[in-house]
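1. sequence first, predicted coordinates after that:
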Amino acid sequence: MFEEKKGISLSHRCAPVTTQGQPRQQQHQPRVWALTQMGPGMAGADALTLSGIPDQIVDESGNYKGKIVYPVVSEIQHDPGVARLLRAFEFRGAITADSQTGLLYRLLPSPAMGTNSWLTSGEAVMHSLVEVWGRVTSDREAGIYRVEHLNLPALDNGGIPDVDAMLEELLSEYVIDNLEHPTLKRLLGQSPPAGNQGFGLTTTAVADEDDIDEIY
């Protein structure tokens with residue numbers, strides 16, 4: 001199925017509704033950042049929304065290390081098991097102060113789970129990073145994100161990558177496009193993790209302080 005639809009953009013295939021085979025055996029998605037994971041950086045003006053399933057990354061001791069986002073194609077989003085895990089993500093192309101390019105994402109409120117102060121402040125923070133240098137931190141006492149704007153040199157033309165191109169480059173190998181996908185089956189509790197891949201927790205795990213918005 002993945003090969004047949006290779007010419008269709010990821011933003012179209014995994015748009016919210018209203019890769020075949022094993023995912024790469026690695027413990028993170030390099031250059032895919034939650035708000036506080038980017039460090040000093042800047043976001044692009046263009047945003048795309050994908051439906052996906054977040055998966056926790058843990059080390060050998062079970063300590064939370066971050067998330068992987070698996071985009072989910074529209075054709076299977078109404079499956080009850082998939083719908084239970086599904087969240088909406090906003091992605092923007094981004095660049096860090098040390099010139100590393102990638103994707104910056106935030107979780108969107110869902111009708112079933114509503115919103116909270118982290119998601120509300122995350123929206124404001126994301127918009128405040130559009131073509132402006134900033135560093136995002138978590139204020140755990142207040143339950144919000146905060147942004148510190150930075151006085152850094154202006155970018156050369158073309159410094160912020162295209163969000164569509166970044167989606168294809170960084171997430172295309174993580175697409176869940178059928179109900180037999182091994183990651184989906186594992187998250188639904190239908191199969192155990194294969195070997196020690198560091199994927200021992202599900203989306204109900206407790207997140208660390210730099211990813212606090214993703215407790216839901």
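-> Sure, I can see it.

2. and the strands in this protein?
-> Secondary structure of the chain by DSSP state E: the strands cover 32-34, 41-58, 64-71, 87-96, 101-107, 134-139, 144-149.

3. average model confidence for the last one?
-> Averaged across strand 144-149, pLDDT comes to 97.

4. who touches it?
-> Residues outside strand 144-149 that contact it (CB atoms under 8 Å, 6 or more residues apart in numbering) are 35-36, 117-118, 120-122, 124-125, 128-129, 132-139, 213. C-beta: built from backbone N, CA, C; applies to glycine.

5. tally up the residues packed near the closest residue to Ile160 other than its chain neighbours, please.
-> Using CB to CB, 6 or more residues apart in numbering and skipping the chain neighbours, the partner closest in space to Ile160 is Gly44 (4.3 Å). Applying other CB atoms under 10 Å, we find 22 residues neighbouring Gly44.

6. wait, Gly44 sits on Pro161?
-> Yes. At 7.3 Å, Gly44 and Pro161 qualify as touching, with contact defined as CB atoms under 8 Å.

7. in this structure, where's the longest helix?
-> Counting residues, the longest helix found in the chain (DSSP state H) is helix 117-128.

8. now that one - C-alpha only, PDB.
-> Provided in PDB are the C-alpha atoms of helix 117-128 (Å, rounded to 0.1, in the frame of the first residue of the first chain):
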ATOM      1  CA  SER A 117      -3.300  24.900  30.100                       C
ATOM      2  CA  TRP A 118      -0.400  23.200  28.500                       C
ATOM      3  CA  LEU A 119      -2.200  22.900  25.200                       C
ATOM      4  CA  THR A 120      -3.600  26.400  25.300                       C
ATOM      5  CA  SER A 121      -0.200  28.000  26.100                       C
ATOM      6  CA  GLY A 122       1.400  25.700  23.600                       C
ATOM      7  CA  GLU A 123      -0.700  27.300  20.800                       C
ATOM      8  CA  ALA A 124       0.300  30.800  21.800                       C
ATOM      9  CA  VAL A 125       4.000  29.800  22.100                       C
ATOM     10  CA  MET A 126       4.000  28.100  18.700                       C
ATOM     11  CA  HIS A 127       2.600  31.200  17.100                       C
ATOM     12  CA  SER A 128       5.200  33.400  18.900                       C
END
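
9. and it, what's buried?
-> 118-119, 121-123, 125-126 (16 or more other CB atoms under 10 Å).

10. for it, name the packing helices and strands.
-> Applying 3 or more CB pairs under 8 Å, 6 or more residues apart in numbering; DSSP states H and E, we find helix 117-128 packed against strand 101-107, strand 134-139, strand 144-149.

11. within the sheet, what are the partner strands of the first one, with directions?
-> Which is strand 101-107. Strand pairing for strand 101-107, using DSSP bridges, gives strand 32-34 (parallel), strand 87-96 (antiparallel).

12. and the residue nearest to Ile160, what is it in contact with?
-> Gly44 touches 92-94, 130-131, 160-163, counting by CB under 8 Å, 6+ apart.

13. what pLDDT does the model give Ile68?
-> For Ile68, the pLDDT comes out at 91.

14. measure the most centrally placed residue in the chain to Glu141 for me?
-> What sits nearest the mean C-alpha location of the chain, by CA atoms, centre = their mean, is Val69, with 4.5 Å. Counting by CB to CB, to the nearest Å, the gap from Val69 to Glu141 is 28 Å.

15. okay then, goodbye and thanks.
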